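>>> quick one: sequence and predicted model below, then my questions.
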There are 2 protein chains.
Amino acid sequence: MFLSNNRHRIATRQSKIKNQKSKIENNQYMAIQDLNQEVLNLVRKHYPQIAERALQEEIAQVGKVMHFRTGEMIMDFGSYVKIVPLIIQGSIKVSREDEEGNELFLYYLQPGETCSMSFTCCMMNKKSEIRTVAEEDTTIIGIPTRFMDEWMSRYPSWKNFVMLSYDNRMLELIRTIDSIAFKKMDERLLEYLEKKAEANNSRTINTTHQEIAYDLNASREAVSRLLKSLEKEGALELGRNRIELL
Amino acid sequence: MFLSNNRHRIATRQSKIKNQKSKIENNQYMAIQDLNQEVLNLVRKHYPQIAERALQEEIAQVGKVMHFRTGEMIMDFGSYVKIVPLIIQGSIKVSREDEEGNELFLYYLQPGETCSMSFTCCMMNKKSEIRTVAEEDTTIIGIPTRFMDEWMSRYPSWKNFVMLSYDNRMLELIRTIDSIAFKKMDERLLEYLEKKAEANNSRTINTTHQEIAYDLNASREAVSRLLKSLEKEGALELGRNRIELL
DNA sequence: AAGGTGCAGTGATGAAGGTCACAGGGGGAT
DNA sequence: ATCCCCCTGTGACCTTCATCACTGCACCTT
């Protein structure tokens, strides 16, 4: 019963995520030569720390602009990583799932950031340990993984960028551990809502209690009750599919 | 009451850790020129992946052999990192502590590994987010942080070593998250004991229930009860300050 | 307008684990 | 030998949260 219950959760969950087959994995996107100048401009605008002109141009040569719609899965747990994403616009939700289908939100990736999990995942040709889903409509520059390694040695700013990304992600993971290990559900819920609001650039969050429960690995009822009591405290306002942070 | 309780925990805790002022932070260790050959040999023996002869020699020039006794603190939460450790012998316990003194074991570092938290912590001159304590009598080679960056560009095997370390630590953190988020205390306890046994190369663990409780961020009573029930199941044997894994 | 479906609210119950209180025993210090 | 401290074991009780069961409402479909 417990198992079948979880399976149901997975089914419910995945039906929410549009386009299950990952575009990245299937390599559906093609380079469009005319876009090179666009990539160059995007990199210069959103990644000032990538300083070397030669590196910018290499990125423009091999990087591909990719778009994902809200809710679209970018990379699933267990799939092989073939590109490293530079996030240009929007935001990406990163979460973890265990063998039994329990899920847990980890953090958001924002413009100017990248997915450090990709680096060695790809260098070692390992399966992804995480799932990434577009939180909003999102634009990235996808860089084939085979360039990572070479650039690390040749371009100091790329090396710094990669190291900084690792460091930031480690810190995020540690903060996540802090929350799960030391905090109770009400505090975790508030943190979660704040982060989600920030990722969406809006104090109004459009989601269901069930979705929140999945992300926090909690039960829907508990989330409902906690939200209700937060509403009574005046911290937020509830509506159908809507939470207004105050 | 809750606060004073926690303070008491901190006090109890730190009294357990010998030599609170970190040797590393205080720079008490001096280079002993005669040991260069020793460092060289240690690196060659324990770090075969560090391939370049020139790199090995640079390490031998700037690295310092350091010893820590069981229970000795190597680096405290909040201190500034000035060296990167290459672990030669023994093992190091890495844990996290929050503002209120709650503590949580993260993972062990073993010979052949290094502390990825050090890399950017030092490159950015940030405070440490973790505490490291010698689990057994431990020998490391300490490398001043200022060399990290340069070596990354100059020596491919150093770059790979650093990247692999990051990746391994990320994975370890994710496994830790899995445990805390998805598993119940009995399973976490068993995992913990297995890891501790491995780190100490012995199926007999010498520690108190209270120490385990701190590491798992649990209560001593809960740990006692779970251990008792595990004993009844035949998974282990209990003694005073001693747990025998079967 | 009628019915269906998914979301939100809520009570009852139970399990896991934290907190409090205390008892008993091992082993070192004197 | 005695004392005392620390470690362990255990009962009682409480809080948090999961689970189950059900209600009512919003919005969509037809």
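Noted; the coordinates are in hand.
>>> any idea which helix or strand carries A:Met66?
Here A:Met66 sits within strand A:64-68, counting by DSSP states H and E.
>>> for that strand, the distance to its chain's centre please.
The chain centre lies 15 Å from the centre of strand A:64-68; the measure is C-alpha atoms, centre = their mean, to the nearest Å.
>>> would you mark the buried spots in that strand?
Buried residues in strand A:64-68, defined by neighbour count with 16 or more other C-beta atoms under 10 Å in any protein chain shown: A:64-66, A:68. Using the backbone N, CA and C atoms, a C-beta is placed for each residue, glycine as well.
>>> could those residues go into CSV alongside pLDDT and distance to chain B?
What follows is those, written out as CSV (pLDDT from 0 to 100; distance: C-beta to the nearest C-beta, whole Å):
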residue, pLDDT, distance to chain B
A:Lys64, 92, 24
A:Val65, 94, 27
A:Met66, 95, 24
A:Phe68, 96, 23
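>>> ok, so of those, who is nearest B:Arg146?
The shortest approach to B:Arg146 among the buried residues of strand A:64-68 belongs to A:Lys64, at 38.1 Å (C-beta to C-beta).
>>> doesn't A:Leu86 make contact with the closest one?
No. Between A:Lys64 and A:Leu86 there is no contact under C-beta atoms under 8 Å: 10.7 Å.
>>> so what sits against both of the two?
Shared contacts of A:Lys64 and A:Leu86 (C-beta atoms under 8 Å, 6 or more residues apart in numbering or on different chains): A:141-142.
>>> so what pairs up with A:Leu245 in the strands?
A:Leu245 has these beta-bridge partners by DSSP bridges: A:Leu236.
>>> list the contacts of it.
A:193-194, A:197, A:203-205, A:235-236.
>>> figure out how far the longest helix seen in chain A is from the centre of its chain.
The longest helix of chain A (DSSP state H) is helix A:156-182. Relative to its chain's centre, helix A:156-182 lies at 14 Å (C-alpha atoms, centre = their mean).
>>> count of neighbours near A:Glu58?
When neighbours are counted by other C-beta atoms under 10 Å in any protein chain shown, A:Glu58 registers 18.
>>> just the element for it, please.
A:Glu58 belongs to helix A:53-62, assigned by DSSP H and E.
>>> before we move on, the earlier item: adding distance to DNA strand D, write the buried residues of strand A:64-68 out as JSON lines.
JSON lines is the format used below for the buried residues of strand A:64-68 (distance: C-beta to the nearest atom of the strand, whole Å):
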{"residue": "A:Lys64", "distance to DNA strand D": "35"}
{"residue": "A:Val65", "distance to DNA strand D": "33"}
{"residue": "A:Met66", "distance to DNA strand D": "30"}
{"residue": "A:Phe68", "distance to DNA strand D": "25"}
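>>> okay if I get those residues as CSV plus distance to A:Leu171?
CSV is the format used below for these (distance: C-beta to C-beta, whole Å):
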residue, distance to A:Leu171
A:Lys64, 29
A:Val65, 29
A:Met66, 27
A:Phe68, 25
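>>> using the three-state scheme, assign the residue nearest to A:Arg131 when sequence neighbours are not counted.
Distances taken as C-beta to C-beta, 6 or more residues apart in numbering or on different chains put A:Phe77 closest to A:Arg131, at 4.6 Å, once the chain neighbours are dropped. Using DSSP: H, G, I helix; E, B strand; the rest coil, the three-state assignment for A:Phe77 comes out as coil.
>>> for DNA strand C, see how far away A:Phe77 is.
Using C-beta to the nearest atom of the strand, to the nearest Å, A:Phe77 is found at 23 Å from DNA strand C.
>>> what sits against that residue?
Shown in contact with A:Phe77 (C-beta under 8 Å, 6+ apart): A:96-97, A:128-131.
>>> put the buried members of those into a PyMOL selection.
Here is the PyMOL selection string for the buried members of these, based on 16+ other C-beta under 10 Å:
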select buried, chain A and resi 96+97+128+129+130+131
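>>> can you tell me which of the contacts of A:Phe77 lies nearest to A:Leu230?
Closest to A:Leu230, out of all of the contacts of A:Phe77 and judged by C-beta to C-beta, is A:Arg96, at 25.4 Å.
>>> name the nearest residue to that closest one, sequence neighbours excluded.
A:Arg96's closest residue in space is A:Leu104 (C-beta to C-beta, 6+ apart), at 4.9 Å.
>>> could you list the domains of chain A?
Following automatic domain parsing, chain A resolves into domains at A:2-179, A:185-245.
>>> measure A:Glu231 to A:Thr207 for me?
The gap separating A:Glu231 from A:Thr207 is 15 Å, by C-beta to C-beta, to the nearest Å.
>>> brain fart, A:Glu150
Using C-beta to C-beta, A:Glu150 is found at 41 Å from A:Thr207.
>>> cool, A:Glu187 as well?
Taking C-beta to C-beta, one finds A:Glu187 at 19 Å from A:Thr207.
>>> ditto for A:Lys183
21 Å.
>>> A:Ile143 now?
Applying C-beta to C-beta to A:Ile143 and A:Thr207 gives a distance of 31 Å.
>>> out of these two, which sits in the busier spot?
Neighbour totals were compared for A:Ile143 and A:Thr207, and A:Ile143 leads with 21 against 14 (other C-beta under 10 Å).
>>> and the more buried one, what does it touch?
Taking C-beta under 8 Å, 6+ apart, we find A:Ile143 in contact with A:59, A:62-63, A:83-86.
>>> which one of those sits closest to DNA strand D?
A:Pro85 (31.7 Å; C-beta to the nearest atom of the strand).
>>> wasn't the closest one part of a strand?
Yes. A:Pro85 sits within a strand when classified using three-state DSSP.
>>> thinking it is in contact with A:Ile74, fair?
Yes. Between A:Pro85 and A:Ile74 there is a contact at 7.4 Å, judged by C-beta under 8 Å.
>>> find the residues that touch each one of these two.
Shared contacts of A:Pro85 and A:Ile74 (C-beta under 8 Å, 6+ apart): A:Ile92.
>>> where's A:Ser153, which helix or strand?
Per DSSP H and E, A:Ser153 falls inside helix A:148-154.
>>> list the buried residues in that helix.
So helix A:148-154, judged by 16+ other C-beta under 10 Å, has buried residues A:148-149, A:151-152.
>>> which parts of chain A are strands?
In chain A, the strands defined using DSSP state E lie at A:64-68, A:73-75, A:83-89, A:92-97, A:103-109, A:131-134, A:138-144, A:204-205, A:236-239, A:242-245.
>>> identify the bridge partners of A:Gln89.
Bridge pairing for A:Gln89 (DSSP bridges) gives the partners A:Thr139.
>>> give the contact list for it.
Taking C-beta under 8 Å, 6+ apart, we find A:Gln89 in contact with A:111, A:137-139.
>>> give me the pLDDT for it.
At A:Gln89, the model reports a pLDDT of 96.
>>> equivalent analysis for A:Lys127, please.
As predicted, A:Lys127 sits at a pLDDT of 85.
>>> do A:Ser118 as well
pLDDT recorded at A:Ser118 is 75.
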